[in-house]
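1. got a structure for you, letters missing:
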């Protein structure tokens, strides 16, 4: 195995780990936001609409992380600045 093939394999592994970590982290974050939304709505039903708006905003911010991870992974795979 030459150095180029090894470097390409490690780049693919790094991109896979990057995407997996971002997806798992985002899923756990959105799940936590949803759980806290249900809990807080049960405690303060009159504030449900305000809490829901804030939870959707946080879920949107958490979903931006995997999108950025996909962009970095594609950069590594197709236009690797390290090669």
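-> Perfect, thanks for sending it. Remember, predicted model here, so these are calculated numbers, not experimental data.
2. show me where this protein has helices.
-> 3-43, 48-78 (DSSP state H).
3. Nearest the geometric middle of the chain, what residue?
-> residue 66 (3.2 Å; Cα atoms, centre = their mean).
4. returning to that earlier point: switch the helices of the chain over to JSON lines; also include mean pLDDT.
-> Below are the helices of the chain laid out as JSON lines (pLDDT from 0 to 100):
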{"stretch": "helix 3-43", "mean pLDDT": "94"}
{"stretch": "helix 48-78", "mean pLDDT": "93"}
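5. hmm, back to that, right, and the residue nearest to the centre of the chain touches residue 23 too?
-> Yes: checked against Cβ atoms under 8 Å, the pair residue 66 and residue 23 is within contact range at 5.5 Å. (Glycine included, C-beta is placed from N, CA and C.)
6. ok, how many other residues are close to the residue lying closest to the residue nearest to the centre of the chain once chain neighbours are set aside?
-> Leaving aside its chain neighbours, residue 66 sits nearest to residue 22 (4.3 Å; criterion: Cβ to Cβ, 6 or more residues apart in numbering). As a burial measure, residue 22 scores 18 neighbours (other Cβ atoms under 10 Å).
7. does residue 22 really touch residue 64, like I thought?
-> No: Residue 22 is beyond contact range of residue 64, at 10.2 Å (criterion: Cβ under 8 Å).
8. list the residues that contact both of the two?
-> Both residue 22 and residue 64 lack any common contact, where contact means Cβ atoms under 8 Å, 6 or more residues apart in numbering.
9. Who are the contact partners of residue 64?
-> Neighbour list for residue 64: empty [criterion: Cβ under 8 Å, 6+ apart].
10. hang on, I meant residue 36
-> Residue 36 neighbours (Cβ under 8 Å, 6+ apart): residue 55.
11. how near is it to residue 76?
-> Distance, residue 36 to residue 76, by Cβ to Cβ, to the nearest Å: 34 Å.
12. if I look at the residue nearest to residue 44 when sequence neighbours are not counted, how far off is residue 71?
-> Nearest residue to residue 44 in three dimensions, chain neighbours excluded: residue 51, at 7.4 Å (Cβ to Cβ, 6+ apart). Counting by Cβ to Cβ, the gap from residue 51 to residue 71 is 31 Å.
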